[in-house]
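Asker: give me the fold of what follows.
(one chain, ligands or ions: 2)
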Amino acid sequence: MHVSKITLREIHLPLIAPFQTSFGITTLRRIPLVQVEVDGVAGWGEVTAGEDPYYSYETVETAWHIIRDFLWPMLKAREFSSASEIHDIFSHVRGHNMAKAGVETAIWDAEAKQKNLPLAKLLGGAREEISSGVSIGIQPSIDALIAKVEKELAAGYQRIKIKIMPGSDIEPARALRSRFPRIRLMVDANSAYTLADAPLLKKLDEFFLIMIEQPLGHDDIYSHAQLQRQLDTPICLDECIHDYEHARAAIEIGACKIINIKLGRVGGHTAARKIHDLCQSKSVPVWCGGMLESGIGRAHNIAMSTLPDFTLPGDVSASKRYWTEDIIEPEVEVSARGTIRVPTAPGIGYAPRLDRIESLTKRREVLE
Ligand code: OSB
Ligand code: MG
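Answerer: Ligands and ions are numbered 1, 2, ... in the order given. This is a model prediction of the structure:
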């Protein structure tokens, strides 16, 4: 296989509603899309880096730079026999996993199309449908939060995650648990607390949350192990896990009982699958996180979520929760049972709408 060309496009997509986390508010997504040409077949990937370096150090700009100036030169004269080799080819570049994943996942799509297989099958996934949950940003009031949760439950979603931060944590959790005693409920702090907050976080045990996601430092696995020993609620790590060794360390020192896998954060499908296999062998369940992706990123998330250890509902929800109109055909839809049917067409199984993508494109660069 050989990549003869990469087309980078930056599209701008306004969110239907602002999304607030402990690190900021997003109203418009700037999304770099990666279109690769592999032996005459097109593959698509999405870079999940943020507009600002708040969730991670990567941004739209750093990813563009790394792809153009480092990843493309490593790829352009290179022959390889499978997309599974790309992760090692890129290993010279330290970090910048979101940039790597944008390209790597696009090559996986192209390989699946060449082989006339759904990407989920090529990755080794077996599920015909995946379970879907929602991530709800910090709301202006408890009433607004309850109304949002009511709406998502009525739509069928199997699990509710709310964002928390200091000043908006115990009360929203208490209100939701008293209003919805039996739902699968969890919170995500996006690193907003320190170990000194352990007594406050301990109060969350009262609400039987299925997990608390990334309460402490974005690169602090050790303190999560200290916190986990004090909590009954399982800790799930997101920001801390960038590769296999992080996952191994976190599991072995007891820093978490669950791992959120994001393709961008770990550098693509090969790395994600390796972490998945480790977690499966250690009986640590995983689920697929989201990064407010367009349909291209969503489609890759769906394919990954078909692997067997993705036993918990992920943050992969319907296109229409975020976008007035997505950039793929058909859009991602969620059934009344809170499931997404895995597409059976080759590759990611959803067709990029090129006209719409071009009309949303603010910047474009062709590498060849
Ligand atoms: O921590 O999971 C997170 C969005 C942006 C950055 C970080 C996170 C999130 C989400 C959104 O929770 C999940 C989604 O895409 O629906
Ligand atoms: Mg998270």
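Asker: could you use CA atoms for every contact and neighbour count after this?
Answerer: OK.
Asker: now do the helices in the protein.
Answerer: Taking DSSP state H as the criterion, the chain carries its helices at 60-66, 72-76, 86-89, 97-114, 119-123, 142-154, 170-179, 198-203, 221-228, 244-252, 263-266, 269-281, 295-304, 354-360.
Asker: relative to ligand 1, which of those helices is closest?
Answerer: Within these, the stretch nearest ligand 1 is helix 295-304; the backing value is 8.5 Å (Cα to the nearest ligand atom).
Asker: return the closest one as PDB; C-alpha atoms alone will do.
Answerer: As requested, the backbone C-alpha atoms of helix 295-304 are provided in PDB (Å, rounded to 0.1, in the frame of the first residue of the first chain):
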ATOM      1  CA  GLY A 295     -19.800  12.200  11.300                       C
ATOM      2  CA  ILE A 296     -16.400  11.000  10.100                       C
ATOM      3  CA  GLY A 297     -15.000  10.800  13.700                       C
ATOM      4  CA  ARG A 298     -18.300   9.400  14.900                       C
ATOM      5  CA  ALA A 299     -18.200   6.600  12.200                       C
ATOM      6  CA  HIS A 300     -14.700   5.600  13.400                       C
ATOM      7  CA  ASN A 301     -15.900   5.500  17.000                       C
ATOM      8  CA  ILE A 302     -18.700   3.200  16.000                       C
ATOM      9  CA  ALA A 303     -16.300   0.800  14.300                       C
ATOM     10  CA  MET A 304     -14.000   0.700  17.300                       C
END
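Asker: could you list the buried residues of that helix?
Answerer: When burial is assessed from 16 or more other Cα atoms under 10 Å, helix 295-304 yields the following buried residues: 295-304.
Asker: for it, what does the pLDDT average out to?
Answerer: If you average the pLDDT over helix 295-304, you get 98.
Asker: okay, residue 246 and residue 221: tell me how far apart.
Answerer: Distance, residue 246 to residue 221, using Cα to Cα, to the nearest Å: 8 Å.
Asker: between these two, what contacts are shared?
Answerer: Each of residue 240 lies in contact with both residue 246 and residue 221 under the rule Cα atoms under 8 Å, 6 or more residues apart in numbering.
Asker: now for the residue of the stretch 51-200 of the chain found nearest ligand 1: which residues touch it?
Answerer: Residue nearest to ligand 1 within the stretch 51-200 of the chain: residue 135 (5.1 Å; Cα to the nearest ligand atom). The contact partners of residue 135, by Cα under 8 Å, 6+ apart, come to 160-163, 315.
Asker: and which of those residues is nearest to residue 217?
Answerer: Using Cα to Cα, residue 163 comes nearest to residue 217 of these, at 15.8 Å.
Asker: read off the pLDDT value for the closest residue to residue 122 other than its chain neighbours.
Answerer: Leaving out its chain neighbours, the residue that sits closest to residue 122 by Cα to Cα, 6 or more residues apart in numbering is residue 112, at 6.3 Å. Here, the pLDDT recorded for residue 112 equals 98.
Asker: number of residues surrounding residue 112?
Answerer: Applying other Cα atoms under 10 Å, we find 24 other residues in the vicinity of residue 112.
Asker: that one contacts residue 118, doesn't it?
Answerer: Yes: with contact defined as Cα atoms under 8 Å, residue 112 counts as touching residue 118 (6.1 Å).
Asker: common neighbours of the two, please.
Answerer: If you check residue 112 and residue 118 against Cα under 8 Å, 6+ apart, the residues they both contact are 346-347.
Asker: around ligand 1, pick out the residues from the stretch 251-368 of the chain.
Answerer: Taking Cα under 6 Å from any ligand atom as the test, the list of the stretch 251-368 of the chain residues beside ligand 1 reads 289-293, 315-316.
Asker: among the residues you listed, which ones are buried?
Answerer: 289-293, 315-316.
Asker: in TSV, list those residues along with distance to residue 35.
Answerer: Formatted as TSV, these follow (distance: Cα to Cα, whole Å):
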residue	distance to residue 35
289	23
290	21
291	19
292	19
293	16
315	25
316	22
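Asker: ok, residue 246 and residue 221, which is more surrounded?
Answerer: Relative neighbour count places residue 221 above the other of residue 246 and residue 221, with 24 against 15, counting by other Cα under 10 Å.
Asker: what's the burial count for residue 337?
Answerer: Residue neighbour count, defined by other Cα under 10 Å, stands at 14 for residue 337.
Asker: so what's residue 30 up against?
Answerer: 10-13, 50-51, 60.
Asker: partner residues bridging it?
Answerer: For residue 30, the residues forming beta bridges with it (DSSP bridges) are residue 12.
Asker: from residue 360, how far out is residue 325?
Answerer: Looking at residue 325 against residue 360, where the rule is Cα to Cα, the gap reads 11 Å.
Asker: shaky segments in this structure?
Answerer: Scanning the chain for pLDDT under 70 picks out no residues.
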